[in-house]
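K.L.:
give me coordinates for this.
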Amino acid sequence: MSWVLRLIAAEGDVKVTPARRVAGLTMPLRLALSAQAGGAARVEVQDPALLPLLRDPRLRIPVSPATDPPADDSSPDAIVESPWNLVSHRDRPKALAAARPQGTSSLASCAVDHEPPFGFDPIVVTDGRSAWDAESALLHSLRKVQDGWTSTWLNRYVSLFLSRWLVRTPLRPNQVSIGILAVGLFGAWLATRGTYWTMLAGAFLFQLQSILDGCDGEMSRVTYRGSHLGEWFDTVGDDLTNYGFFAGTAWGLYVSTGWWGYLVAGAVTVGCGAITSGIEYRYLWKIGSGDLLKYPLGVGKAPGTAETPKGKLARFFDAISPLFKRDTFVFLTLVGAAAGLLGPFLIAFALGGVGIFVAVIKAEIRMAGERARAKG
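P.N.:
Model (predicted):
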């Protein structure tokens with residue numbers, strides 16, 4: 001279906017000005033980018049004064065005054081109209097266009113069948129207060145249903161607060177990713193020193209890196225700067241931080257105690273993790289993604305139907321699956337460091353690394369079987 005986003009006059013007494021930005025973007029540009037992501041063929045504007053606000057390399061679909069006919073003389077199946085000072089959920093234009101296959105509809109007032117997680121009703125921005133409310137709604141919509149316990153109740157609150165201000169700076173998500181990696185690696189170096197306080201400081205920076213790790217993704221999504229390279233930056237940066245900290249902890253514990261068992265635990269943790277990451281990276285490279293969430297590990301996600309309900313083991317894994325998420329084990333590392341129990345925690349993480357390695361091998365065997373059945 002071919003559809004067009006038409007930006008009409010603002011609601012309320014608002015003048016066209018580039019100064020009003022919401023979460024790092026002017027409102028007309030945000031609407032246009034969300035339309036592009038939703039498959040719009042072009043953007044039309046009633047007020048030519050909006051055209052300079054839509055000159056941005058991220059916007060790749062044509063932009064023209066509403067009075068100009070399209071260059072190819074084609075008429076769209078649907079026109080979605082919106083006042084240019086409206087802020088809506090990024091998925092709303094696509095859902096509305098799909099729900100109204102023909103004619104003209106309003107982005108602000110028409111109901112849509114699709115209600116995304118953490119969605120919100122469109123907000124007309126006319127002043128500072130409504131701009132703040134719209135920005136808050138946009139940031140809240142960046143939460144993920146896949147977030148673990150620690151992200152849900154701690155990390156996201158901090159990262160979203162920081163992202164609100166980071167998008168107002170010249171920094172780009174990939175630049176922030178590099179800074180986040182530096183924080184994690186410095187924490188790993190501190191852990192190698194082997195004293196209680198340096199290991200606690202290292203664990204604190206490990207947790208801080210986990211919190212900040214949400215910022216680059218939040219920035220990229222809210223400003224439409226997501227990229228394949230950015231996905232890989234995020235995934236590889238997390239893994240390097242994980243392996244660096246556990247290797248540093250193993251060395252620090254060995255230096256302070258002289259017990260070689262910590263070196264073995266560190267080697268198992270890092271070795272299993274590196275092999276596991278290599279297998280996962282191979283899969284992600286094949287599907288053209290760098291997002292680790294797209295790897296079908298299957299922990300805590302066993303399917304169930306009316307004919308074949310989930311068994312007790314599958315329900316148990318559903319319940320504890322948040323423990324397998326990075327946000328939670330990083331937070332537990334900080335708790336263990338504060339309690340002076342990094343040694344036992346390192347051994348537990350070594351066992352966990354073996355478990356994840358086994359789960360990945362089982363996932364690979366399952367996918368190989370599915371491919372064989374598809375061919376045969």
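K.L.:
how far does stretch 209-220 sit from its chain's centre?
P.N.:
Stretch 209-220 sits 8 Å away from the centroid of its parent chain (CA atoms, centre = their mean, to the nearest Å).
K.L.:
ok, now stretch 120-133?
P.N.:
With CA atoms, centre = their mean as the basis, stretch 120-133 stands 24 Å off its chain's centre.
K.L.:
restrict it to CA atoms and write it as PDB.
P.N.:
Provided in PDB are the C-alpha atoms of stretch 120-133 (Å, rounded to 0.1, in the frame of the first residue of the first chain):
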ATOM      1  CA  PHE A 120       1.100   6.500  24.600                       C
ATOM      2  CA  ASP A 121      -1.600   8.800  23.100                       C
ATOM      3  CA  PRO A 122      -0.400  11.500  20.700                       C
ATOM      4  CA  ILE A 123       0.500  14.800  22.400                       C
ATOM      5  CA  VAL A 124       0.200  18.200  20.900                       C
ATOM      6  CA  VAL A 125       3.200  20.400  21.900                       C
ATOM      7  CA  THR A 126       2.400  24.000  22.400                       C
ATOM      8  CA  ASP A 127       4.600  25.100  25.300                       C
ATOM      9  CA  GLY A 128       7.400  24.000  27.500                       C
ATOM     10  CA  ARG A 129       5.200  21.800  29.800                       C
ATOM     11  CA  SER A 130       3.700  19.900  26.900                       C
ATOM     12  CA  ALA A 131       7.100  19.500  25.300                       C
ATOM     13  CA  TRP A 132       8.400  18.000  28.600                       C
ATOM     14  CA  ASP A 133       5.400  15.600  28.800                       C
END
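K.L.:
quick one: buried residues of that stretch?
P.N.:
For stretch 120-133, the neighbour count (16 or more other CB atoms under 10 Å) marks Phe120, Pro122, Ile123, Val124, Val125, Ser130, Ala131 as buried. Backbone N, C-alpha and C define where each C-beta goes, glycine included.
K.L.:
for stretch 356-369, same thing?
P.N.:
Result for stretch 356-369 [16+ other CB under 10 Å]: buried residues Ile356, Phe357, Val360, Ala363.
K.L.:
now Gly12, what's its secondary structure?
P.N.:
What DSSP: H, G, I helix; E, B strand; the rest coil gives for Gly12 is coil.
K.L.:
wouldn't it be in contact with Ile123 here?
P.N.:
No. In this structure Gly12 lies outside contact range of Ile123 using CB atoms under 8 Å: 11.7 Å.
K.L.:
low-confidence ranges in the chain?
P.N.:
Within the chain, the segments meeting pLDDT under 70 span 1, 15-19, 68-75, 100-102, 111-114, 298-324.
K.L.:
let's see that with 80 instead.
P.N.:
For the chain, the stretches flagged by pLDDT under 80 are 1, 12-20, 67-77, 97-103, 109-116, 297-324, 376.
K.L.:
mind giving me the domain ranges of it?
P.N.:
Following automatic domain parsing, one finds the domains of the chain at 3-140, 149-375.
K.L.:
Asn85: how many residues sit nearby?
P.N.:
Number of residues near Asn85 (other CB atoms under 10 Å) recorded here: 26.
K.L.:
for it, which non-adjacent residue is spatially closest?
P.N.:
Of all residues not flanking Asn85 in the chain, Ala10 sits nearest, at 4.3 Å (CB to CB, 6 or more residues apart in numbering).
K.L.:
tell me which of the buried residues of stretch 120-133 is nearest to Phe345?
P.N.:
Lowest distance from Phe345 to the buried residues of stretch 120-133 (CB to CB) belongs to Phe120, with 39.6 Å.
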